[in-house]
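A.B. asks: Kindly return the folded structure for what I paste below:
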Amino acid sequence: MSDPEHDVQPPLPHLPPPAVTPTLMQLVESLLFIAGEPVTVAQLARTLEAPADAVEAALEQLALQCRERGVRVQRHGELAQLVSAPEAARVVGRFLGVQASGRLSSAALEALAIIAYRQPVTRAQIEAIRGVDSSSALRALLARELICEAGRLESVGRPILYATTPAFLQQFGLTSLADLPPIDLPAASDGAGDPDASVEA
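C.D. replies: Have a look, this model is predicted:
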């Protein structure tokens, strides 16, 4: 005969609760988290099989929720990326062992400001505002990947157009170009007729 005490079955383990379907905002956040680099709204929409306007709305919702957190949603045109909060830069830098890099020259900062507010802009247009040659300043900004070539102006010589990069936003703790403070810059010509504009390469 079997022993009743030994016939008792052990209790069944507790099953995990049923999975909750994630929201579109949560899915967007997950993709930005694992991407490690800026991604376009079109890429997100294609991956999520969702309309681009729905992805845009999810990005805006996520950006709003991140305002009080340690990360931010950084936008640069159609690009989106998760970045650390600007106010945490010192601690993040210490944790990563980042050494402070040399500061930009005043000339480079002037050129960068013009590009940030007037982009896309040519070298001739930058120099029309600054009144001096800006070749070395542009080289310094390109080397630090704070600006990039954004096409060419449809005029004589088709001079290069410069624009800021996502690295510019990260460097200055901005989540988008809309965060730039208002500033009054002189108007710049289109570079037409400028001798440098026709030979810029």
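
A.B. asks: How about the contacts made by the spatially closest residue to Pro86 that is not a sequence neighbour?
C.D. replies: The spatially closest residue to Pro86, leaving aside those adjacent along the chain, is Gly173, at 2.9 Å (CB to CB, 6 or more residues apart in numbering). (C-beta placed from N, C-alpha, C; glycine too.) Gly173 makes contact with Pro86, Glu87, Ala89, according to CB atoms under 8 Å, 6 or more residues apart in numbering.

A.B. asks: Give me the contact list for whichever strand or helix holds Ala57.
C.D. replies: Counting by DSSP states H and E, the element that carries Ala57 is helix 52-65. The contact list for helix 52-65 (CB under 8 Å, 6+ apart) reads 23-25, 27-29, 32, 41-42, 44-45, 48, 72-73, 75, 80, 175.

A.B. asks: Is there a quick ChimeraX command that grabs whichever of the residues you listed are buried?
C.D. replies: Selection command for ChimeraX covering only the buried members of these, criterion 16 or more other CB atoms under 10 Å:
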select :24,25,27,28,29,32,41,44,45,48,72,73,75,80,175
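
A.B. asks: Now, the contacts of helix 52-65 that are in helices?
C.D. replies: Secondary structure assignment by DSSP state H places Leu24, Met25, Leu27, Val28, Glu29, Leu32, Val41, Ala42, Leu44, Ala45, Leu48 of the contacts of helix 52-65 in helices.

A.B. asks: Out of the residues you listed, the closest to Gln119 would be?
C.D. replies: For those, the residue nearest Gln119 by CB to CB is Val41; the value is 19.5 Å.

A.B. asks: List the contacts of that closest one.
C.D. replies: Val41 makes contact with Ala52, Val55, Glu56, Leu59, Glu78, Ala80 under the criterion CB under 8 Å, 6+ apart.
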